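Trainee: how would this look folded up:
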Amino acid sequence: MMRSFGQASKMIINMLQPSRSFDHQEAEIIARARLTKILGGDLGGLVMALAFPENGWKDCSHNIARVDEWKIRATSMPANGVLGPLDVGKSIAFRLLEPGSFNWVVGAVTARDMWNHHEYLIKSSSHVFLTRGKFSCRGDFSNSWGPSRELGNDDVIELRRTKVNLIWGIHGSDEILGQVDVHPSKEVVPVIGLSTNGVCEIVSI
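Mentor: Modelled structure (predicted):
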């Protein structure tokens, strides 16, 4: 029997690191099933959280493959990576590691339970997103301003939430691409929309 949880978790984490020859999602699914059977749901879930941290990605459409805990790749379209709610005063930043066949989309929804993330973001009844040169804005999002210029594939985009605004800025600078109004009581859930073969990475959370 293991002498401590620390020793046990370290050993299991080392064993669970996915080989380069296996898909990350497949390794996670197999590991979760085996650990739950061996350790039980609570302890197995804790070890899984250490070995395969989500780091922001909460839901992915069936056309998304998780490259690792930070990166997602679009295998076809529509392809959405959905994050956890963005609270007032918080921010998150992304970059496009590999461009897809079309532009990428950086946006958000409210009323998350009313939107099927396997569909295009524009089908949400309450959405906002910035694509290369324009905003789409509907529902709880209003009074869009911008974009001040085209969204480039090399831009590291930061979504920031203030008490009254959701702001698209350039990470590490004061440049603002655009913003919309949204009430502070609303739960705002960021969404990244990719086109086929596009790869997105979370760079700051």
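Trainee: from here on, contacts and neighbour counts on C-alpha atoms
Mentor: Fine.
Trainee: Identify the single longest strand in the chain, thanks.
Mentor: Longest strand in the chain, counting residues (DSSP state E): strand 91-98.
Trainee: Outside of it itself, list whatever touches it.
Mentor: With C-alpha atoms under 8 Å, 6 or more residues apart in numbering as the test, strand 91-98 has contacts from 153-161, 171, 197-205.
Trainee: Run through this structure and note the low-pLDDT ranges.
Mentor: By pLDDT under 70, the weakly predicted segments of the chain are 1-27, 49-56.
Trainee: how's it carved up into domains?
Mentor: 5-51, 57-204 (automatic domain parsing).
Trainee: Make a markdown table out of these and add mean neighbour count.
Mentor: Listed next are those as a markdown table, based on neighbours: other C-alpha atoms under 10 Å:
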| stretch | mean neighbour count |
| --- | --- |
| domain 5-51 | 14 |
| domain 57-204 | 19 |
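Trainee: Just name whatever secondary elements the longest helix along the chain is in contact with.
Mentor: Assignment by DSSP state H gives helix 24-39 as the longest helix of the chain. Contacts defined by 3 or more C-alpha pairs under 8 Å, 6 or more residues apart in numbering; DSSP states H and E place helix 24-39 against helix 41-51, strand 64-66.
Trainee: what's the closest residue to Q179 other than its chain neighbours in contact with, if anything?
Mentor: Closest residue to Q179 apart from its sequence neighbours, by C-alpha to C-alpha, 6 or more residues apart in numbering: I167 at 4.3 Å. Listed by C-alpha under 8 Å, 6+ apart, the contact partners of I167 are 158-161, 176-180.
Trainee: ok, I167 to C200 distance?
Mentor: With the distance defined as C-alpha to C-alpha, to the nearest Å, I167 ends up 19 Å from C200.
Trainee: ok now the longest strand of the chain, how far from the chain's centre?
Mentor: Relative to the chain's own centre, strand 91-98 is displaced by 9 Å; criterion: C-alpha atoms, centre = their mean, to the nearest Å.
Trainee: Within its sheet, name the partner strands of that strand and how each one runs.
Mentor: Strand 91-98 pairs in its sheet with strand 156-161 (antiparallel), strand 199-204 (antiparallel), by DSSP bridges.
Trainee: Let me have these in TSV, extended by distance to V47.
Mentor: Listed next are these as TSV, based on distance: least, C-alpha to C-alpha, whole Å:
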stretch	distance to V47
strand 156-161	31
strand 199-204	23
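Trainee: Which among the helices and strands packed on helix 24-39 is found nearest to H117?
Mentor: Smallest distance to H117 across these (C-alpha to C-alpha): 10.9 Å, for strand 64-66.
Trainee: Could you export the helix or strand following that closest one as CSV, keeping only the C-alpha atoms?
Mentor: Counting by DSSP states H and E, the element after strand 64-66 in chain order, helix or strand, is strand 71-74. Provided in CSV are the C-alpha atoms of strand 71-74 (Å, rounded to 0.1, in the frame of the first residue of the first chain):
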residue,chain,number,x,y,z
LYS,A,71,-4.4,24.0,-27.3
ILE,A,72,-7.4,22.9,-29.4
ARG,A,73,-7.4,22.1,-33.1
ALA,A,74,-10.4,22.2,-35.5
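Trainee: which other helices and strands contact strand 71-74?
Mentor: Packing partners of strand 71-74 (3+ C-alpha pairs under 8 Å, 6+ apart): strand 64-66, strand 199-204.
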